[in-house]
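Undergrad: sequence first, predicted coordinates after that:
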Amino acid sequence: MQSVEWTIDGLPEETQKLLRSYVKDVTKVYGQELEGIILYGSAVRGEFLPGRSNLNLLLVMSSYDLAALKRYDSLHKRWSKDHVVVPLFLTVCDIQSASRAFPLEYQDIHDCRRLLWGQDPFVGLKIDARYLAAEVLQALRGNLLRLRQRLVEGRSTEEAITILLTLSITALLPALRGLQRLLGRPVLAHGEPLLKDIEADFSLDLTGLRDALLLKRGEISPGQNEIPRLMDRYLDSLSRLVSAAEARIK
């Protein structure tokens, strides 16, 4: 079995120990069916917040079926309480063939990932960006439409708004990095400079988005009266950005 003694700059040692234990558990459960374990997301970008951020992982499998997926049940029960979300299950063939269908997601992982165990199929992977514009615009507009729908479902309560703002801004950031790629701008990994760059390039006031990012990080705690106003600002900022992006990208 391969060693899992590595370090990840900027990630708390406690979290790194947790990941090493996770790797040992996963390799024990899957054995030779497992070809690689890749960490991506905030833990690699340097934006990980202990107790708040999720750990996003990708399991590279030789193959998988329902029985293989069900074997993860015990792992999920063990690790979900430590913010380890259910990983992506992909084969090397999946990664190679689907890079055209999901250029936004695959490019984001490609650019910011860390191999924890095994082989890394993203090395040398050529991602087809011909459909990146369509996926970016779909992600932006879809985020706005889903947010409106879920606000109604959640009856716009303070709790629902707080959860939805966090979910929306989390899903929005990869789309904004995709937008930077389309515009030929340097792709910024961290949320705050990314929003400032988009704000400057489009000459938009994205205060609502920046406030949502602060809320996600736990840096602000809007009260009962302020949280609806924050959502109003967020919806206004997101609506303006979506319209501007659709007008800019042909």
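TA: Received it, and whenever you're ready, just let me know what you need.

Undergrad: burial measure for the residue nearest to Phe122 when sequence neighbours are not counted, as a count.
TA: Closest residue to Phe122 apart from its sequence neighbours, by C-beta to C-beta, 6 or more residues apart in numbering: His110 at 5.0 Å. (Glycine included, C-beta is placed from N, CA and C.) Residues within reach of His110, counting by other C-beta atoms under 10 Å, total 17.

Undergrad: now Leu194
TA: Leu194 has 20 nearby residues by other C-beta under 10 Å.

Undergrad: need the three-state assignment for it.
TA: Of the three states, Leu194 takes helix under DSSP: H, G, I helix; E, B strand; the rest coil.

Undergrad: residues contacting the residue nearest in space to the middle of the chain?
TA: Centrality entry for the chain: nearest residue to the mean C-alpha point is Gly41, 5.4 Å, by C-alpha atoms, centre = their mean. With contact set as C-beta atoms under 8 Å, 6 or more residues apart in numbering, Gly41 has these partners: 53-56, 112.

Undergrad: doesn't Ile127 make contact with the residue nearest to Phe122?
TA: Yes - applying C-beta atoms under 8 Å, one finds His110 in contact with Ile127, separated by 6.2 Å.

Undergrad: so, low pLDDT: which residues of the chain?
TA: Flagging of the chain using pLDDT under 70 yields the residue ranges 1-4.

Undergrad: and the helices in it?
TA: Remark: helices assigned in the chain by DSSP state H are 13-30, 42-45, 66-70, 73-79, 92-98, 103-111, 132-153, 158-182, 191-202, 207-217, 226-248.

Undergrad: turn the ones you listed into TSV, including distance to Val60.
TA: Formatted as TSV, those follow (distance: least, C-beta to C-beta, whole Å):
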stretch	distance to Val60
helix 13-30	10
helix 42-45	16
helix 66-70	13
helix 73-79	16
helix 92-98	7
helix 103-111	12
helix 132-153	23
helix 158-182	20
helix 191-202	28
helix 207-217	29
helix 226-248	33
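
Undergrad: out of the ones you listed, flag the one nearest Gly36.
TA: Closest to Gly36 of the helices of the chain is helix 92-98 (C-beta to C-beta; 8.7 Å).

Undergrad: how far does the closest one sit from the chain's center?
TA: Mean-position distance between helix 92-98 and its chain equals 19 Å (C-alpha atoms, centre = their mean, to the nearest Å).

Undergrad: for it, buried residues please.
TA: Buried residues in helix 92-98, counting neighbours by 16 or more other C-beta atoms under 10 Å, are found at 92, 95.

Undergrad: nearest spatial neighbour of Asp232, chain-adjacent residues omitted?
TA: Asp232 sits nearest to Gly208 (C-beta to C-beta, 6+ apart), 7.8 Å away.

Undergrad: neighbours around Leu125, how many?
TA: Residue crowding around Leu125 was assessed by other C-beta under 10 Å; the count is 15.
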